[in-house]
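sequence plus predicted model, see below.
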Amino acid sequence: MARSPRWIPLLLLLLLLLLLPPALPAGCAARGLCCPGRDPACLSTGRRPDGSTGPCYCDQACVRTLDCCHDYAETCPVIPCVVSQWSAWSSCAEPCKTTYRVRTRHIVQEPRNGAEACPALEERAGCVEYWTQQGTECKQSLIPALITTGGFGKARKKRAAADGKERAGYCVEFQLVAITPGCLHSHHSYTRWMRYLREGHTVCVECQHPALDSRSQHCSGDGTGSRKNQLLHWQAVGNPRCKGTWRRIRQLDTCSCPSVHSFLFI
């Protein structure tokens, strides 16, 4: 029986190699892959982190599905979001009204490769501007008492009295009697402080410039002249659904409100 020529097996092997699909470069770096989200087309071949070989992926979802290529972490490192510092607080949106002020920041570096989304780029806080754009004092009475968190005291725009001397403020202690459910459903960052309002708690509210009226020497709605145990009304600035009643306990001429349960008259 005649033997087959030696070149025939080599020819068959060459034909088989030509018929096979071309092999993909191994890993993410070799193919230049680094895909956001879940992308089945973001495919390569090679070794996986568990030591197995075969198809592997270079998209963000591969971290959860455990089918990343071995070099995914090095090729596609997590790049976190970077934001700038907050800007200064703006003026109130409108003078002589219960409204809000704004501060903003911008994105310095976008998040990539599965990093957490950027935080909020805008915050609002309730405020009242007591002077018009022409510099004249607003002619209105703010009743019921309007309050905001004591944390905005440093940012509030202050003005000296007419004689150039800023008069000292004072504090009033109140016992919270009733609170609307809207205080507990404040989802914006600038209204989170309202969640700490609790019925029965004693709160300290500071009266300072510019809420301190230069003529009466009182803040509107502070309960001066009210009867003992009289229910007085208050409203949280920034969330019209957050309001309630309280009883005036006493006035503190030397103001030292604690950091917790501390508020400002607006």
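Nice, I can see it. Residues are numbered from 1 along each chain as shown.

identify the residues contacting E206.
E206 is in contact with 150, 153, 169-171, 255, 257, 262-265, counting by Cβ atoms under 8 Å, 6 or more residues apart in numbering. C-beta coordinates here come from the backbone N, C-alpha and C atoms, glycine included.

just put those residues in CSV and tack on secondary structure and distance to W131.
Shown next, in CSV, are these (DSSP: H, G, I helix; E, B strand; the rest coil; distance: Cβ to Cβ, whole Å):
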residue, secondary structure, distance to W131
G150, helix, 23
G153, coil, 19
G169, coil, 18
Y170, strand, 22
C171, strand, 24
C255, coil, 24
C257, coil, 26
S262, strand, 26
F263, strand, 23
L264, strand, 18
F265, strand, 17
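
thought T224 was touching D213?
No: if you go by Cβ atoms under 8 Å, T224 and D213 don't touch, sitting 10.9 Å apart.

give me the low-pLDDT residue ranges for the stretch 101-250 of the chain?
For the stretch 101-250 of the chain, the stretches with pLDDT under 70 are 128-130, 137-144, 150-167, 186-191.

measure stretch 112-132 end to end?
Counting by Cα to Cα, to the nearest Å, you get 46 Å between the two ends of stretch 112-132.

sorry, wrong one. I was asking about stretch 235-254.
25 Å.

the nearest residue to G182 once chain neighbours are set aside in helix, strand or coil?
Take G182 and drop its neighbours on the chain: the residue closest to it by Cβ to Cβ, 6 or more residues apart in numbering is R241, 2.6 Å away. Put simply, R241 is coil when judged by DSSP: H, G, I helix; E, B strand; the rest coil.

what about R241, how many residues nearby?
Using other Cβ atoms under 10 Å, R241 has 15 other residues around it.

equivalent analysis for Q235, please.
If we define neighbours as other Cβ under 10 Å, then Q235 has 22 of them.

show me the contacts for the residue lying closest to it once chain neighbours are set aside.
Excluding the flanking residues, the one nearest Q235 by Cβ to Cβ, 6+ apart is K243, at 4.4 Å. Shown in contact with K243 (Cβ under 8 Å, 6+ apart): 144, 180, 182, 233-236.

make JSON lines from those and add distance to C76 and secondary structure to it.
Converted to JSON lines, these look like this (distance: Cβ to Cβ, whole Å; DSSP: H, G, I helix; E, B strand; the rest coil):
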{"residue": "P144", "distance to C76": "56", "secondary structure": "coil"}
{"residue": "T180", "distance to C76": "49", "secondary structure": "coil"}
{"residue": "G182", "distance to C76": "45", "secondary structure": "helix"}
{"residue": "H233", "distance to C76": "57", "secondary structure": "strand"}
{"residue": "W234", "distance to C76": "53", "secondary structure": "strand"}
{"residue": "Q235", "distance to C76": "51", "secondary structure": "strand"}
{"residue": "A236", "distance to C76": "46", "secondary structure": "strand"}
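
in those, which residue is surrounded by the most others?
Most crowded among the contacts of K243, counting by other Cβ under 10 Å, is A236 at 26 neighbours.

find the nearest non-adjacent residue to it, please.
Distance criterion Cβ to Cβ, 6+ apart; nearest residue to A236, sequence neighbours excluded, is C242 at 3.9 Å.

tell me where the chain has strands.
43-47, 53-57, 82-83, 98-104, 107-109, 122-128, 145-149, 170-179, 202-207, 231-236, 243-252, 262-265 (DSSP state E).

the second one vs strand 43-47, what angle?
Translated: strand 53-57. Inter-element angle recorded for strand 53-57 and strand 43-47: 140 degrees (by axes from the mean of the first three to the mean of the last three Cα atoms, to 10 degrees).

flag every buried residue along strand 53-57.
Residues 56-57 are the ones in strand 53-57 that count as buried (16 or more other Cβ atoms under 10 Å).
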